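Undergrad: have a look at this fold, sequence not included:
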């Protein structure tokens, strides 16, 4: 059970999402849970407003955002701020750390995750099941041990890319590498009913969570879930070349795996990459160009990149 909460109040929406994503995925230790709420408006003088009598002021409202990250062990706020600044390139935020209030923080964290629309898909938790229309584009993912609820810009970026590329082409052999919660593989199963789909992750608990999410979404028999380090698994090696491969992992592993991924993607195949900050994208693109890929599209959301590449 989490004992401490680190809180940040950010004036800029994009910066808030960037800090939240970095806290959730790029800083060790990762929090047990993380919430991002609107935190009311702050009034700042509007220089474009007409002149007013002395003592009066015109204001425009700017929304502030609050991040709460929950930890079992008390984090060092100065160390967290320094790591966030180094990773994001943004000015170090002020972080306060204190004991968790006597509230149900799990319920609070779930309540902070409303349904998210990404292309044709609507991702929602079980707490919103009665409020979301059921259908092939509705995907149930509860916040849990595995990464991937679509509130993270990299997951939503991949979902939007899956929506886009599957409208153009029918893929037959698909791998979700580093599947986390399994949401991306589930989205592929919903859009490509005849495809053979594999999903892998090196984290054992994530594999179990992904398999359960696939079962809950009615596609458990469509996707083969594997515990694997990179592409090092006999089932993946025997699966043949993939015409669609998705890897939502971090920049350094993406670069390290570039040759292996190139060997696994069929000529003309599509590669979707995410998990990288915008400043990291040129290095990742260069690594994949060097092994035979062409950049098709580069989407940027809240400081994070999603890349679509084609195997030449």
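TA: Yep, it's here. What you see is a predicted model, and the numbers here were worked out from it, not measured in a lab.

Undergrad: how close does residue 250 get to residue 21?
TA: 11 Å (C-beta to C-beta, to the nearest Å). Any C-beta I mention is one placed from the backbone N, CA and C, and that applies to glycine too.

Undergrad: among the two, which residue is more densely surrounded?
TA: residue 21 (25 against 19; other C-beta atoms under 10 Å).

Undergrad: next, give phi and psi for that one.
TA: phi -70, psi -40 (degrees, to the nearest 10).

Undergrad: for residue 157, see how far away it is.
TA: 11 Å.

Undergrad: and what of residue 100?
TA: Distance from residue 100 to residue 157, by C-beta to C-beta: 31 Å.

Undergrad: between the two, which one's more packed in?
TA: Neighbour comparison, residue 100 and residue 157: the larger count goes to residue 157, with 25 against 17 (by other C-beta under 10 Å).

Undergrad: what secondary structure does the more buried one sit in?
TA: helix (DSSP: H, G, I helix; E, B strand; the rest coil).

Undergrad: so what's it closest to, chain neighbours aside?
TA: residue 306 (3.3 Å; C-beta to C-beta, 6 or more residues apart in numbering).

Undergrad: residue 126 too?
TA: Closest residue to residue 126 apart from its sequence neighbours, by C-beta to C-beta, 6+ apart: residue 142 at 5.4 Å.

Undergrad: okay, and that neighbour sits in which element?
TA: Using DSSP states H and E, residue 142 maps to neither a helix nor a strand.

Undergrad: burial count for it?
TA: Neighbours around residue 142, by other C-beta under 10 Å: 18.

Undergrad: pretty sure it contacts residue 125?
TA: Yes: at 4.9 Å, residue 142 counts as touching residue 125 under the criterion of C-beta atoms under 8 Å.

Undergrad: ok, residue 94 touching residue 8?
TA: Yes: between residue 94 and residue 8 a contact is recorded at 7.1 Å, counting by C-beta under 8 Å.

Undergrad: between these two, which is the more surrounded one?
TA: Neighbours were counted for residue 94 and for residue 8 using other C-beta under 10 Å; residue 8 has more, 24 against 10.

Undergrad: is that one within a helix or a strand, and which one?
TA: Assignment of secondary structure by DSSP H and E places residue 8 within strand 4-10.

Undergrad: what comes up buried for that strand?
TA: 4-10 (16 or more other C-beta atoms under 10 Å).

Undergrad: which one of those residues is nearest to residue 228?
TA: Closest to residue 228 out of these is residue 6 (33.3 Å), distances taken as C-beta to C-beta.

Undergrad: surely that closest one and residue 69 touch.
TA: Yes: at 4.6 Å, residue 6 and residue 69 qualify as touching, with contact defined as C-beta under 8 Å.

Undergrad: now do the shared contacts for these two.
TA: Common neighbours of residue 6 and residue 69, using C-beta atoms under 8 Å, 6 or more residues apart in numbering, are 23, 31, 75.

Undergrad: what would these look like in CSV with pLDDT?
TA: Below are the shared contacts of residue 6 and residue 69 laid out as CSV (pLDDT from 0 to 100):
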residue, pLDDT
23, 88
31, 84
75, 92
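
Undergrad: mind putting these into a markdown table with neighbour count?
TA: What follows is the shared contacts of residue 6 and residue 69, written out as a markdown table (neighbours: other C-beta atoms under 10 Å):
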| residue | neighbour count |
| --- | --- |
| 23 | 23 |
| 31 | 22 |
| 75 | 19 |
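
Undergrad: could the residues you listed go into JSON lines alongside distance to residue 15 and secondary structure?
TA: Shown next, in JSON lines, are the shared contacts of residue 6 and residue 69 (distance: C-beta to C-beta, whole Å; DSSP: H, G, I helix; E, B strand; the rest coil):
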{"residue": "23", "distance to residue 15": "12", "secondary structure": "helix"}
{"residue": "31", "distance to residue 15": "18", "secondary structure": "coil"}
{"residue": "75", "distance to residue 15": "20", "secondary structure": "coil"}
